[in-house]
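# here is a sequence together with a model predicted from it:
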Amino acid sequence: MSNNNKFKLAICKRFNDELYGKDENSSPDIENHYLIIYTIELEEFYNNDYINLLQDGKLDIIKCDELSGLEQVGYINTFWLKIVQRRWKKIYKMRQDMIKARSSLQALNERKLTGKWPKHLRVWPLFHLGL
């Protein structure tokens, strides 16, 4: 892996001593890492060529690293994607609720008379992580 600071798509598995083995050359804390089973190039991702490999693990966004024992490990960063997905789900629901509320006769009538939505329906929910 030429550029260890880049994020990549990969299939990783938690190190398992029984499955992968450990010897005197292994990194001392290998048990606390995810081994990279397979990295997926963008072309493979877009063509869905990686799908049959998912039997061995799940697809993650990782940051690659090489340990002192030359093991290729990945630091999983997929959780950021899950945070964004959860936030967008909340925003989407808020927007659907606002569309429904703006469709009420009372809201439509106020907009017709004043040219503005009722005060509680004026601000469209925007996306921000708030971190």
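Perfect, thanks for sending it.
# and the longest helix for this structure?
helix 78-102 (DSSP state H).
# just checking, what packs against that one?
Helices and strands touching helix 78-102, by 3 or more Cβ pairs under 8 Å, 6 or more residues apart in numbering; DSSP states H and E, are strand 59-66, helix 105-114. Any C-beta I mention is one placed from the backbone N, CA and C, and that applies to glycine too.
# helix or strand right after the shortest one?
From strand 59-66 onward toward the C-terminus, using DSSP states H and E, the following helix or strand is strand 72-76.
# helix or strand for Lys13, which one?
strand 7-14.
# quick check: buried residues in that strand?
By neighbour count on 16 or more other Cβ atoms under 10 Å, the buried set for strand 7-14 is 8-12.
# that one pairs with which strands?
Using DSSP bridges, the strands paired with strand 7-14 are strand 34-40 (antiparallel), strand 59-66 (antiparallel).
# now the helix or strand following the shortest one: buried residues?
So that's strand 34-40. Next helix or strand after strand 34-40 toward the C-terminus (DSSP H and E): helix 42-46. Residues of helix 42-46 classed as buried by neighbour count (16+ other Cβ under 10 Å): none.
# so what touches helix 42-46?
With Cβ atoms under 8 Å, 6 or more residues apart in numbering as the test, helix 42-46 has contacts from 9, 49-50.
# same check, this time on stretch 88-101
107, 120-121, 124-127.
# ok, 7 Å please
For stretch 88-101, the external contacting residues (Cβ atoms under 7 Å, 6 or more residues apart in numbering) are 107, 121, 124-125, 127.
# one more: stretch 72-83?
Outside stretch 72-83, the residues touching it (Cβ under 7 Å, 6+ apart) are 1, 7, 10, 12, 33-36, 60-67.
# of those residues, select the buried ones using a ChimeraX command.
In ChimeraX syntax, the buried subset of those is picked out as below (16+ other Cβ under 10 Å):
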select :10,12,33,34,35,36,60,61,62,64
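# farthest from the middle of this protein: give me that residue.
In the chain, the residue that sits farthest from the middle, by Cα atoms, centre = their mean, is Leu113; the gap is 45.1 Å.
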